[in-house]
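K.L.:
what follows is a protein structure lacking sequence information:
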């Protein structure tokens, strides 16, 4: 998909893209920040899957505009995560 990203971003009917990274070396979402920023800059929403340990560095590096985060977290930590995201 990456090689077709510019074409996909040029389609006005597409309002959001779900960025799904692979596994292993491909997994850390932080390596994909330039791609996610490019999608944001095109005015598209981005759906991103994060690991809990990636949350803080991710939100420190990104603007929240148009981001939809999917994050699995233990129930006990969810209120604190939501408070942190509200400040973002």
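P.N.:
Received, thanks. These numbers were taken from a predicted model, which means no experiment stands behind them.
K.L.:
the chain: helices as residue ranges?
P.N.:
According to DSSP state H, the chain carries its helices in the segments 5-9, 33-41, 55-61, 78-87.
K.L.:
pull out the buried positions in the last one.
P.N.:
For helix 78-87, a neighbour-count test (16 or more other Cβ atoms under 10 Å) marks nothing as buried. Glycine gets a C-beta too; all of them are placed from N, C-alpha and C.
K.L.:
how many neighbours does residue 17 have?
P.N.:
Residues lying near residue 17 (other Cβ atoms under 10 Å) number 21.
K.L.:
bridging residues for it?
P.N.:
According to DSSP bridges, residue 46 are recorded as the beta-bridge partners of residue 17.
K.L.:
rewinding a little: so which of the helices of the chain gets nearest residue 17?
P.N.:
Relative to residue 17, the nearest member of the helices of the chain by Cβ to Cβ is helix 33-41, separated by 5.4 Å.
K.L.:
and the helices of the chain: which comes nearest residue 47?
P.N.:
helix 33-41 (9.9 Å).
K.L.:
in that closest one, what's buried?
P.N.:
Using 16+ other Cβ under 10 Å as the burial criterion, the residues of helix 33-41 that qualify are 35, 36, 39, 40.
K.L.:
ok, back up a step: can you redo the helices of the chain as CSV with distance to residue 15?
P.N.:
Written out in CSV, the entries for the helices of the chain read as follows (distance: least, Cβ to Cβ, whole Å):
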stretch, distance to residue 15
helix 5-9, 11
helix 33-41, 11
helix 55-61, 22
helix 78-87, 22
